[in-house]
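Peer 1: any chance you could fold what I've pasted below:
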Amino acid sequence: MSRLITAAIALPILIASIIFPPLKILFLVIAAAALVIALYEFWFLAKRVGAKPDVVVGYAATAALFVAFFYNEPSLVVVIVPALIVAALAAEMLRGAPFDKMVLSVGSTVLGVLYVAFLGAHLLGVRTGFQDVLATPETFLVGEAFVSKTLSTHLLAYFFLVLMGSDTGAYYTGRAFGKHKLAPSVSPGKTWEGAAGGMLASLAAAALAHYWFFHEIQLAAALGLAAVMNVLGVVGDLTESALKRGAKAKDAAQILPGHGGLLDRLDSLLFNAPLLYYFALYYWR
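Peer 2: Numbering: from 1, shown residues only. Prediction:
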């Protein structure tokens, strides 16, 4: 019930920030805030295993990445990442002895930024980098006069519909029919039956998106992208579960009732955000 209540509150806000033009900035704020909090949760897990991540260096690099993708300049990453590595190493050196945790601490600082901020920032790039107004005459969801018909709107609506469909299908299929463990050493609750249900649900969501509002993408491409997203989502989910298991934590945090922390909700999204961005870049550009 707590999962459903949280979703009932969060989903309308997320949907509105995607489809209503005046709320475009709201999506960017929500995405940036979620990534910042998720990064903090990642560093919380790192601290449980003895690391001392440098949050000042990490958040400075995160802000730079957000700016780069906001202005649709991902090429700036080739400057930001080396600067992050140098700054993290130098800051840890300047802390002084003992240096026995230097590798672990610097590694957690850099990995946290790359894993959470860099991967997730691709969604900011999707929101701001694909603003082509679509010429299709159909309305989108609630009415032609009130919604944005940009490629970014359709991309993000497709993205979240597929991921949420996959997550919901896997959860309820696994609970109803799950018998064969998918990765018992990582996440004992996940089953092959649940994974199959998630795959079918993601394909159904992709087909629904194509016929409902996303005519700009061919059905075969929509289904293929959804299948890859589903696999990456499972891998992302299991990876975050392994991180929590290594830190001996059940959840990354308890911010969202019934869902754990934001990192727990973003695990599949983080692995898929770059896929959506570069797929769109090469499919339409």
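Peer 1: confidence score at residue 189?
Peer 2: pLDDT recorded at residue 189 is 84.
Peer 1: the one 10 residues further on now?
Peer 2: Predicted confidence (pLDDT) at residue 199: the value is 95.
Peer 1: in the helix or strand harbouring it, which residues are buried?
Peer 2: Assessed by DSSP states H and E, residue 199 sits inside helix 192-212. Residues 193-206, 208-210 are the ones in helix 192-212 that count as buried (16 or more other CB atoms under 10 Å). (Glycine included, C-beta is placed from N, CA and C.)
Peer 1: and residue 52, that one's in a helix?
Peer 2: No - going by DSSP: H, G, I helix; E, B strand; the rest coil, the assignment for residue 52 is coil, not a helix.
Peer 1: mind checking how far it is from residue 46?
Peer 2: 8 Å (CB to CB, to the nearest Å).
Peer 1: what do these two both touch?
Peer 2: Contact criterion CB atoms under 8 Å, 6 or more residues apart in numbering; residues shared by residue 52 and residue 46: residue 108.
Peer 1: quick one, which of these two is more surrounded?
Peer 2: When residue 52 and residue 46 are compared on other CB atoms under 10 Å, the one with more neighbours turns out to be residue 46, at 22 against 17.
Peer 1: correct me if wrong: that one contacts residue 110.
Peer 2: No - Residue 46 is beyond contact range of residue 110, at 11.0 Å (criterion: CB atoms under 8 Å).
Peer 1: give me the outermost residue of the protein relative to its centroid.
Peer 2: Centroid-distance maximum for the chain: residue 97 at 36.8 Å, with CA atoms, centre = their mean.
Peer 1: just say helix, strand or coil for it.
Peer 2: From three-state DSSP, the assignment for residue 97 is coil.
Peer 1: residues contacting it?
Peer 2: By CB under 8 Å, 6+ apart, residue 97 has no neighbours at all.
Peer 1: circling back to that earlier point, give me the contacts around the helix holding residue 199.
Peer 2: Here helix 192-212 makes contact (CB under 8 Å, 6+ apart) with 154, 157-158, 161-175, 177-182, 217-219, 222-223, 225-227, 229-230, 233-234.
Peer 1: what helices and strands are in contact with the helix or strand following that helix?
Peer 2: Once the chain leaves helix 192-212, the next helix or strand it forms, by DSSP H and E, is helix 219-246. Packing contacts for helix 219-246, counted by 3 or more CB pairs under 8 Å, 6 or more residues apart in numbering; DSSP states H and E, involve helix 24-48, helix 151-177, strand 181-183, strand 187-191, helix 192-212, helix 262-284.
Peer 1: relative to helix 151-177, how tilted is the helix holding residue 199?
Peer 2: Counting by axes from the mean of the first three to the mean of the last three CA atoms, to 10 degrees, helix 192-212 lies at 150 degrees to helix 151-177.
Peer 1: pull the distance from helix 192-212 to the chain's centre.
Peer 2: Remark: helix 192-212 is offset 18 Å from the chain centroid, using CA atoms, centre = their mean, to the nearest Å.
Peer 1: repeat for stretch 81-100
Peer 2: With CA atoms, centre = their mean, you get 28 Å for stretch 81-100.
Peer 1: buried residues in it?
Peer 2: 81, 84, 85, 87, 88, 89, 91, 92.
Peer 1: number of nearby residues for the nearest residue in space to residue 18 that is not next to it in sequence?
Peer 2: Excluding its sequence neighbours, the residue lying closest to residue 18 (CB to CB, 6 or more residues apart in numbering) is residue 156, at 4.9 Å. If you count neighbours by other CB under 10 Å, residue 156 ends up with 23.
Peer 1: ok, now which ones touch residue 156?
Peer 2: Neighbour list for residue 156: 18, 27, 123, 126, 127 [criterion: CB under 8 Å, 6+ apart].
Peer 1: closest to residue 248 among those?
Peer 2: Using CB to CB, residue 123 is the member of the contacts of residue 156 that lies nearest residue 248, at 30.4 Å.
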